[in-house]
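Student: Using only what follows, build the 3D model:
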Amino acid sequence: MKYKTSTFPTIIIFAIGLAVSACSKDPSAQGDKQKTAVAQTFNYQPQGILAKSLPEIADALNKGDITSEALVQLYLDRINTIDKNGPTLQAILRINPNALDDAKALDALLFAGILKGPLHGVPILLKDNIESKDPIPTTAGALALQDNITGRDSPLVKGLRDAGAIILGKTNLSQWANFRSENSMSGWSAMGGQVRNPHMLDRNPCGSSSGSGAATAASLAAGSVGTETDGSVICPSNANGIVGFKPTVGLVSQQYIIPISASQDTAGPMTKTVMGAAMMMNAMATTMLDTDYTAGLNSEALKGVRVGVLRFAVGNNSKITKTFNAALEELKQSGAILVNIEKEPDMPEGYDAMAYDLLKYEFKDGLNAYLASTPESVQTRTLKELIAFNEDHKGIELTLFDQSIFLASQAMKSLDDPEYIKARNAVQKATRQDGVDKLLKDNNVSVLVAPSGAVVPRVDPVNGDLWPSFPGVGGMAARAGYPHATVPMGGIGSLSVGLSFIGGKNEDANILSYAYAYEQRSNKRLEPNYLSNAEDIPEVAKAMRPYRGE
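Tutor: Below you'll find the predicted structure:
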């Protein structure tokens, strides 16, 4: 195959910091500060193929409109421009040093007429709790694992490679997938610092897959992989304005992924579009290779479908309610039959405590087994040793928040403990038979919809995460282990909010198809504007100043 010559506009960068600094020296220029900052941020918008979605990028590679080597270099340049410099998103922990060589090898195969698969030459990022055989460590953002180079591909990574994908690098995350402290700060890790939300840099990117969400929104790769135990794919996808999909637990193998909970853990794709997520699922879902998640995507999929509207989960933010109601109108126009569900399922006594205990039991057991499998270069071989390591390095690890969850998990007994078994059975029954399954059956609906989460608050290194009232039922879907997709449904003050689609066990293909039908009609994804804060919005800045009669 002969490749076409690709030409892409050079991204001209203006440093926001310099522009703001220059304004601050001249008080008379303060009134123009916000306009200047907003204008400057548009220079960070992706150009050419980098602005495209994963399916479009895969198609361009297949047609020879661009080589994989050239595409990887474009992403590396963009990472240097806006992740390491410029807005300094800090979404990327490490670049795979083999990425360019892998791209050249895939280009040679395609030139010889050999297509490895639908993702041939497509650069993908991995959350840094997922192992790959590349010469980069898998750290969960922790100093204790900085030498954890295993030489192993997790099955999902092997699936991506078999489909032709290139592992571009690893993304930053909430350290230990946000299971270290009850007072944590989403998006922070000792190894990577604080991930920034590309829509508004002082806002929470959510976690734990914060880097995967920010990187995908900022066009630093064609797509990324996140992991979820309870909201860690859905929340950062909602916060960063992208599509996120948490599959049924078990569809994507958890082998060689640093664990929290065997009952709830799963990896999932994070992309700009539902089609891109489905393409990634085809590669990642190695336990269900007979399912083609792209084949069922249909813009007419919602016609005649009874959709359960979780009115009890809308929350108290009037702006989210308005955006959600507009999304419901889009569903109706797509042919959906909306069924309001007002009553929230009853949870058993002590449910929250049991759900938390379940995670602590499984974390201790799973992490000890994982650490025992790491190379000899990793000195911390148990959770107990990890706690001691953090105390020895508290100037790095414990400056912002403690390790209260580690300590509580270490105190738990083994998985043979009757209290663990009781908690696991109670939580799963409450969220499955008496939760999602009951809502679907009693209301004769095929899918449940709700807002995906809150409008994200500011990053707060003093108090940790301070979230407003959180709409949705992502926790129920996560604890049940059931599929959950979020699709952007609009913006509130330049920040994105998403619409959730939740279904029963192994209804993944249908959930993706419903999400796709909504996406095709609504098209509500926002391109990030890299605002420094809300006062970069001119009308907000004006409202924050004293009234002077102008």
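Student: Find the nearest non-adjacent residue to Thr294, please.
Tutor: Once flanking residues are discounted, Thr294 sits nearest to Ala278: 4.5 Å by CB to CB, 6 or more residues apart in numbering. Where C-beta positions appear, they are placed from N, C-alpha and C, glycine not excepted.
Student: Tell me how far the one you found lies from Gln175.
Tutor: Applying CB to CB, to the nearest Å, the value for Ala278 to Gln175 is 30 Å.
Student: Then Gly453?
Tutor: 21 Å.
Student: Which one's more surrounded, the two?
Tutor: When Gly453 and Gln175 are compared for neighbours, Gln175 comes out ahead with 30 against 26, by other CB atoms under 10 Å.
Student: tell me the strands in the stretch 151-300 of the chain, going along the chain?
Tutor: Using DSSP state E, counting those that start in this stretch, the strands of the stretch 151-300 of the chain run over residues 166-171, 188-189, 193-194, 223-228, 243-246, 266-271.
Student: will you turn those into a markdown table that also has mean pLDDT?
Tutor: Shown next, in a markdown table, are the strands of the stretch 151-300 of the chain (pLDDT from 0 to 100):
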| stretch | mean pLDDT |
| --- | --- |
| strand 166-171 | 98 |
| strand 188-189 | 98 |
| strand 193-194 | 98 |
| strand 223-228 | 98 |
| strand 243-246 | 99 |
| strand 266-271 | 98 |
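Student: Which residue, other than its chain neighbours, is closest to Ala355?
Tutor: Nearest non-adjacent residue to Ala355, counting by CB to CB, 6+ apart: Val427, 5.0 Å away.
Student: List the buried residues of the helix or strand harbouring that neighbour.
Tutor: In the assignment (DSSP states H and E), Val427 maps to helix 418-431. The neighbour-count check on helix 418-431 (16 or more other CB atoms under 10 Å) flags Tyr420, Ala423, Arg424, Ala426, Val427, Gln428, Ala430, Thr431 as buried.
Student: a markdown table please, covering these and showing pLDDT.
Tutor: Listed next are the buried residues of helix 418-431 as a markdown table, based on pLDDT from 0 to 100:
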| residue | pLDDT |
| --- | --- |
| Tyr420 | 98 |
| Ala423 | 98 |
| Arg424 | 98 |
| Ala426 | 98 |
| Val427 | 98 |
| Gln428 | 98 |
| Ala430 | 98 |
| Thr431 | 98 |
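Student: now these as TSV including distance to Met489?
Tutor: TSV is the format used below for the buried residues of helix 418-431 (distance: CB to CB, whole Å):
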residue	distance to Met489
Tyr420	38
Ala423	35
Arg424	34
Ala426	33
Val427	29
Gln428	30
Ala430	28
Thr431	24
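Student: Rounded mean pLDDT for the top helix by length along the chain, please.
Tutor: For the chain, the longest helix by residue count, based on DSSP state H, is helix 351-372. Here helix 351-372 scores 98 as its mean pLDDT.
Student: what angle separates that helix from helix 418-431?
Tutor: Per axes from the mean of the first three to the mean of the last three CA atoms, to 10 degrees, the angle that helix 351-372 makes with helix 418-431 is 120 degrees.
Student: Name the residues of helix 351-372 that are buried.
Tutor: So, applying 16+ other CB under 10 Å, buried residues of helix 351-372: 351, 354-368, 370-371.
Student: Let's see the next helix or strand after it as PDB, backbone CA atoms only.
Tutor: Going down the chain from helix 351-372, the next helix or strand is helix 383-392, by DSSP H and E. Taking C-alpha atoms only, helix 383-392 is exported to PDB below (Å, rounded to 0.1, in the frame of the first residue of the first chain):
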ATOM      1  CA  LEU A 383       0.000  -4.500  52.300                       C
ATOM      2  CA  LYS A 384       1.700  -4.400  55.800                       C
ATOM      3  CA  GLU A 385       5.100  -3.700  54.200                       C
ATOM      4  CA  LEU A 386       3.400  -1.100  52.000                       C
ATOM      5  CA  ILE A 387       2.000   0.800  55.000                       C
ATOM      6  CA  ALA A 388       5.500   0.800  56.500                       C
ATOM      7  CA  PHE A 389       7.000   2.100  53.300                       C
ATOM      8  CA  ASN A 390       4.600   5.000  53.100                       C
ATOM      9  CA  GLU A 391       5.500   5.900  56.700                       C
ATOM     10  CA  ASP A 392       9.100   5.800  55.800                       C
END
